[in-house]
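Asker: make a model of this:
(one chain, ligands or ions: 2)
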Amino acid sequence: MRILIYTGKGGVGKTSIAAATGIKLAGKGIKTLVVSTDLAHSLSDSLGVDLNYQPTTILKNLDGMELNPQHQLENHWAQIYQYLVDLLKMMGIKDIFAEELTMFPGVEELFSLLEIHEQFKKKGYDVLIMDFPPTASAIRLLSFFDIIGWYMEKFFKIKKKSIKFLRTFSNSFMELPLPEEDVFTAIEEIYQKMEEVKGILTNPEITSVRLVLNPEEMVINESQRAYTYLSLYGFKVDCIIVNKLFLPEANSDFYNRILARQRSNLTRIEKIFSSQRVFTLPLICEELKGLDNLKPVSRLLYQQEDPLDSFFGGIPLAVEKEGDGYHYRVYLPFLQRDKFRLHQKGGILIVTIGDYKQKLHLPQLLSNKSIKKAQYRDSYLHLSF
Ligand SMILES: Nc1ncnc2c1ncn2[C@@H]1O[C@H](COP(=O)(O)OP(=O)(O)OP(=O)(O)O)[C@@H](O)[C@H]1O
Ligand SMILES: [Mg+2]
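Answerer: Ligands and ions are numbered 1, 2, ... in the order given. Here you go, the predicted structure:
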């Protein structure tokens, strides 16, 4: 199974491109599911088909669905849901609805990732197209593994032992209800699944992340930052899609100036992302909505190419022998020296870029060696051990 993730700044055309890609692949006889993580039903609007939390057929070989964290919480994680409701009741908060529970930070992200896991395990489709939220939320979503990992390791694993011990006294002993064994089991199951999703999403043979942008300076800047952070978390961006290009030649000064600005920004995009394949899509005059409009767009965008190909062959991370020591390199495009910090703690390398932090596990053979030299060149961070 292939997983194609489309992200980019708000409004650049992620949903339209995800829908057009689905149409293109379905036309080639590939069983495709387009999934939207957006509660605003924009995928339904784009395709002109009512979608919900279950896969709905749009065309032959093309199904679509819109995630609904509330539905997922109530139906798949009943034990956790009930425990949270009981817990909040004990704290004096009555009549809590799943709707409110899913507003807890991270819950939406968690359920989006669990859905990817479920679809991947079911193997019902050849390709899963994810219409992701705008870059900032997408990065939060993709860095979620670290947060949940932290909770699990620091809290649940230790607590489980002591709570087993406490329960042997009495439940009424405590002011708060103790989670039953099945709640722990359910949470452990989620954790297990998160570990698996992380493996799936960071496997470049399965997953490709695609950055959609418009030829506008602010959009380019945000995409450049997103590209760095995505690489930091180990996700492989395999192409850039420049949408809403002005194509028609016009003689008025107004159009000529917009055209000139777009051309120079497109050149800039091609230069900045020179190691990446860049696809372009013109601005079309009709509202890009419905299958009739999306079909020609899907042909224009990929031309003779296959959207399932992985367009970028760079290596995310490599370790090689170098003299008496080792050379370790990790792909981190557009790294700014002043926003970057590096710490080593035994077998763990902590890389901080701006507000984002990532723990990279060093291979066993480097865990008791320390960094002798660090250098940044050709989009790679090079470390000598
Ligand atoms: N090439 C294009 N030509 C004309 N209109 C377009 C094109 N691409 C997208 N649009 C229109 O731009 C608007 C935003 O597109 P879309 O919803 O696909 O963006 P998005 O990145 O998913 O937005 P959001 O961040 O809100 O999810 C829509 O009205 C869509 O029809
Ligand atoms: Mg959208």
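
Asker: where in the stretch 101-250 of the chain is pLDDT low?
Answerer: Residues of the stretch 101-250 of the chain that meet the criterion pLDDT under 70 lie in 101-106, 147, 150-180, 248-250.

Asker: nearest to ligand 2: which residue in it?
Answerer: Asp131 (5.8 Å; CB to the ion). Bear in mind the C-beta positions are built from the backbone N, C-alpha and C, glycine included.

Asker: show me the contacts for the residue lying closest to that residue once chain neighbours are set aside.
Answerer: Nearest residue to Asp131, sequence neighbours excluded (CB to CB, 6 or more residues apart in numbering): Ala18, at 3.9 Å. Applying CB atoms under 8 Å, 6 or more residues apart in numbering, we find Ala18 in contact with Leu4, Tyr6, Val34, Ser36, Leu43, Ile129, Met130, Asp131.

Asker: how far away is Ala18 from Gln364?
Answerer: Distance of Ala18 to Gln364, computed by CB to CB, to the nearest Å: 40 Å.

Asker: again with Glu188
Answerer: 26 Å.

Asker: what's the answer for Arg329, then?
Answerer: The gap separating Arg329 from Gln364 is 18 Å, by CB to CB.

Asker: out of the two, which sits in the busier spot?
Answerer: Arg329 (20 against 8; other CB atoms under 10 Å).

Asker: wait, that one touches Asp378, no?
Answerer: No - look at Arg329 against Asp378 with CB atoms under 8 Å: they stay out of range, at 9.2 Å.

Asker: mind listing what the residue in the chain that ligand 2 sits nearest to touches?
Answerer: Minimum separation of the chain from ligand 2 (CB to the ion) falls at Thr15, amounting to 3.3 Å. The contact partners of Thr15, by CB under 8 Å, 6+ apart, come to Ser36, Asp38, Ser42, Leu43, Ser46, Asp131.

Asker: name the SS class of Ile284, please.
Answerer: Classification of Ile284 by DSSP: H, G, I helix; E, B strand; the rest coil places it in coil.

Asker: what's the burial count for it?
Answerer: By other CB under 10 Å, neighbour count at Ile284 equals 14.

Asker: next one: Glu189
Answerer: 14.

Asker: same question, Asp338
Answerer: Other residues close to Asp338 by other CB under 10 Å number 6.

Asker: residues from the stretch 151-300 of the chain in reach of ligand 1?
Answerer: Those residues of the stretch 151-300 of the chain that sit near ligand 1, judged by CB under 6 Å from any ligand atom, are Asn243, Lys244, Leu281, Leu283, Ile284, Glu287, Leu288, Lys289.

Asker: closest to Lys198 out of those?
Answerer: The closest of those to Lys198 turns out to be Asn243 (CB to CB; 29.2 Å).

Asker: touching, Lys14 and Ala20? I think so.
Answerer: No - assessed by CB under 8 Å, Lys14 is found out of contact with Ala20, at 10.9 Å.

Asker: as a check, name the ranges of all helices in the stretch 51-200 of the chain.
Answerer: 69-76, 78-90, 98-101, 107-122, 135-142, 144-151, 157-167, 181-201 (DSSP state H, counting those that start in this stretch).

Asker: same thing with the stretch 251-385 of the chain?
Answerer: Using DSSP H, counting those that start in this stretch, helices in the stretch 251-385 of the chain cover 253-272, 291-302.

Asker: single out the most deeply packed of those helices.
Answerer: Across the helices of the stretch 251-385 of the chain, averaging neighbours per residue (mean count of other CB atoms under 10 Å) puts helix 291-302 on top, at a mean of 17.

Asker: can you list the neighbours in contact with that one?
Answerer: Contact with helix 291-302 is made by 16-17, 19-21, 23-24, 27, 46-49, 58-59, 241, 279, 281-282, 284, 286-288, as judged by CB under 8 Å, 6+ apart.

Asker: output that helix as PDB, restricted to C-alpha atoms.
Answerer: Extracted in PDB, the C-alpha atoms of helix 291-302 (Å, rounded to 0.1, in the frame of the first residue of the first chain):
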ATOM      1  CA  LEU A 291     -15.800  15.800 -10.600                       C
ATOM      2  CA  ASP A 292     -16.200  17.500 -14.000                       C
ATOM      3  CA  ASN A 293     -13.700  20.300 -13.100                       C
ATOM      4  CA  LEU A 294     -11.300  18.000 -11.100                       C
ATOM      5  CA  LYS A 295     -10.900  15.500 -13.900                       C
ATOM      6  CA  PRO A 296      -9.000  17.800 -16.400                       C
ATOM      7  CA  VAL A 297      -7.000  19.200 -13.500                       C
ATOM      8  CA  SER A 298      -5.800  15.600 -12.500                       C
ATOM      9  CA  ARG A 299      -4.500  15.200 -16.100                       C
ATOM     10  CA  LEU A 300      -2.900  18.600 -16.200                       C
ATOM     11  CA  LEU A 301      -1.100  18.200 -12.900                       C
ATOM     12  CA  TYR A 302       0.700  14.900 -13.400                       C
END
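
Asker: now it: how far from the chain's centre is it?
Answerer: 24 Å (CA atoms, centre = their mean, to the nearest Å).

Asker: now do the SS call for Ile30.
Answerer: coil.

Asker: buried ones in stretch 82-89?
Answerer: Across stretch 82-89, burial judged by 16 or more other CB atoms under 10 Å covers Tyr83, Leu84, Val85, Asp86.
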